[in-house]
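> Just the structure for this:
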Amino acid sequence: QVQLVESGGGLVQPGGSLRLSCVASGRTFSNYRMGWFRQAPGKEREFVAAINRNYGRIYYADSVKGRFTISRDNAKNTVYLQMSSLKPEDTAVYYCAADYFASSNGATSTSSYEYWGQGTRVTVSS
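Residues are numbered from 1 along each chain as shown. Got it, this is the predicted structure:
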């Protein structure tokens, strides 16, 4: 089992920045691909960003490319999502997820991830 705990959400004005953190426990963190997803009210959960194990390949949704940066610190069992130039449409609950099998085409799919955090809410509003 892997436990994931997100933090860092909050209320921010359009154009502002936030950094989300997700701390993992229970298994060897470096063995997992880590992803961030988000779910806005009334919408399905969608992919935001992912980073392969051992600081490998990184993936971004087109909607956040150039504004968000995913990173990981395996020594701290933590994955981060640095969000800049935030827009009202970025408002959502953001979830951290862990994928052990890390298939070559599974980084952006919710069904690929075995473990999920409880989410942290991000609200972008003036």
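> Setting the sequence-adjacent residues aside, check what's closest to the spatially most central residue of the chain.
Nearest to the mean C-alpha position of the chain, counting by Cα atoms, centre = their mean, stands W36 at 1.9 Å. Nearest residue to W36, sequence neighbours excluded (Cβ to Cβ, 6 or more residues apart in numbering): V48, at 4.3 Å. Just so you know, the C-beta spots here come from the backbone N, C-alpha and C atoms, and that holds for glycine as well.
> quick one, what contacts that neighbour?
Residues near V48 by Cβ atoms under 8 Å, 6 or more residues apart in numbering: G35, W36, F37, R38, Y60, A61, V64, F68, L81, Y94.
> Show the model's pLDDT score for it.
Note on V48: pLDDT of 98.
> Wasn't it part of a strand?
Yes: V48: assigned to a strand according to DSSP: H, G, I helix; E, B strand; the rest coil.
> So what sits opposite W116 in the bridge?
Note on W116: beta-bridge partners by DSSP bridges are A97.
> That one and Y94, how far apart?
Per Cβ to Cβ, to the nearest Å, W116 is found 11 Å from Y94.
> More neighbours: those two, which one.
Using other Cβ atoms under 10 Å as the criterion, W116 and Y94 rank with Y94 on top: 23 against 17.
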